[in-house]
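Novice: Pasting the sequence and the predicted model now:
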Amino acid sequence: MEERYLDFAIEIARAAGNVLKHYMDREKQVELKGRANLVTVADKEAEALIIRQIRERYPHHAILAEESGAFGPSSTGEGKWIIDPLDGTTNFAHQYPFFCVSIGFEQAGEILCGAVYDPCRDEMFSGGRGMGSFVNDQRLRVSDVDRLGNALIMTGFPYGVRDKIKIAMSQFEAFMIESQGVRRGGSAALDLCYTALGRVDGFWEMDLHPWDTAAGFVILEEAGGKVTDFPGNPFSVYGKQIVASNGKIHAEMVGVLRNLESGR
């Protein structure tokens, strides 16, 4: 993996984060894409900046962006940038300080590197295959918690949670019972990075998109964590389910979800 791609991801994530900083205390021009799915002027401007810089630096690369969709070459042989200019838009719109920019880089079907920037805490999470992962200059390493009963877990609810409320709440209830505690942050990318840093010990969510997980996925694995789908199969950013952990509690987390599925 060429280090230049990771350096570039960090560079443009920080630049987009500066756009979010500019709008944090200003009018955000909130629009609705769905009942609970917001988009703001900050999303649009940050994404436009990222896309412009990618096109200038790597004109032959493909781009998959939350607001603009997919464009560029269909093959990922040259490279594909998977971007979320603002993960946690609802938090941002309410000035709740838990949101970020997420940028992942894929080549030949593999996520090679990613950067996640939290402008509120000025924390830049980054990682590349075989290079480790970091927050600013600190090396990331997952926690040593080895029992789900001692673990702090994060989750998120899909935008269509009202249509899946029974499934979502049954998962939430099961993990509340089996773990030390559950937190719902509102940014999947930061949830993955917090697991990589050891602030939390695991994370699960359903109905995600590639831009939610591409960067955090590689950051967490490079920190020693484990990522699968709900049944425990290898994870793909194009799947809809994620279980992520420090590795030590992974089997227990998968077991909780498997028991729920078998009980339906």
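Specialist: Received it, and whenever you're ready, just let me know what you need. In this text, all values refer to a predicted model and were calculated from it rather than measured experimentally.

Novice: Can you name the residues that contact Val135?
Specialist: Neighbouring residues of Val135 by Cβ atoms under 8 Å, 6 or more residues apart in numbering: 123-126, 193, 197. For the C-beta atoms, the positions are set from N, CA and C on the backbone; glycine is no exception.

Novice: Please disregard the earlier target; I meant Val254.
Specialist: If a contact means Cβ under 8 Å, 6+ apart, then Val254 has 228, 230-232, 243 as its contacts.

Novice: 6 Å instead?
Specialist: 232, 243 (Cβ atoms under 6 Å, 6 or more residues apart in numbering).

Novice: With Gly239 instead?
Specialist: Counting by Cβ under 6 Å, 6+ apart, Gly239 touches Asp229.

Novice: Check what pLDDT it gets.
Specialist: Per-residue confidence for Gly239 comes out at a pLDDT of 96.

Novice: buried residues in stretch 166-180?
Specialist: Using 16 or more other Cβ atoms under 10 Å as the burial criterion, the residues of stretch 166-180 that qualify are 167-168, 171-172, 174-175, 178-179.

Novice: Give the rounded mean pLDDT of stretch 87-95.
Specialist: Across stretch 87-95, the average pLDDT comes to 91.

Novice: what about that stretch, start to end distance?
Specialist: From the first residue to the last, stretch 87-95 extends over 13 Å; the measure is Cα to Cα, to the nearest Å.

Novice: now that stretch: how far from the chain's centre is it?
Specialist: Stretch 87-95 has its average C-alpha position 15 Å from the chain's average C-alpha position, going by Cα atoms, centre = their mean, to the nearest Å.

Novice: what number of residues lie near Glu3?
Specialist: Taking other Cβ atoms under 10 Å as the criterion, the count of residues near Glu3 is 10.

Novice: Other residues contacting whichever helix or strand Ala13 is part of?
Specialist: For Ala13, the enclosing helix or strand under DSSP states H and E is helix 3-23. Among residues not part of helix 3-23, those counted as contacts by Cβ under 6 Å, 6+ apart are 42, 45-46, 49-50, 53, 85, 101, 103, 105, 113, 115, 117, 119, 126, 128.

Novice: buried residues in it?
Specialist: For helix 3-23, a neighbour-count test (16+ other Cβ under 10 Å) marks 5-6, 8-10, 12-13, 16-17, 19-20, 23 as buried.

Novice: go on, stretch 117-131?
Specialist: Neighbour counts using 16+ other Cβ under 10 Å place 117-120, 123-128 of stretch 117-131 among the buried residues.

Novice: Quick one: neighbours of the closest residue to Gly88 other than its chain neighbours, just the number.
Specialist: Sequence neighbours aside, Phe99 is the residue nearest to Gly88 in space, at 3.1 Å (criterion: Cβ to Cβ, 6 or more residues apart in numbering). A count of nearby residues for Phe99, using other Cβ under 10 Å, gives 28.

Novice: try Asn259
Specialist: The local packing count at Asn259 equals 11, with neighbours defined by other Cβ under 10 Å.

Novice: Quick check: it is in a helix.
Specialist: Yes - secondary structure assignment places Asn259 in a helix (DSSP: H, G, I helix; E, B strand; the rest coil).

Novice: Report pLDDT for the closest residue in space to it that isn't next to it in sequence.
Specialist: The spatial neighbour of Asn259 that comes closest, neighbours along the chain excluded (Cβ to Cβ, 6+ apart), is Ala174 at 7.4 Å. Ala174 is assigned 97 on the pLDDT scale.

Novice: Start the count at 5 instead of 1 going forward.
Specialist: OK, 5 is where the count begins now, so the last one is Ala178.

Novice: can you list contacts of the helix or strand containing Ala178?
Specialist: For Ala178, the enclosing helix or strand under DSSP H and E is helix 169-182. Applying Cβ under 6 Å, 6+ apart, the set of residues contacting helix 169-182 from outside is 152, 157, 161, 165, 186, 260, 264.

Novice: let's go with 10 Å and repeat that
Specialist: Contacts with helix 169-182, where a contact means Cβ atoms under 10 Å, 6 or more residues apart in numbering, come from 151-153, 155, 157-162, 164-166, 168, 185-186, 188, 206, 208-211, 234, 253, 256-257, 259-261, 263-265, 267-268.
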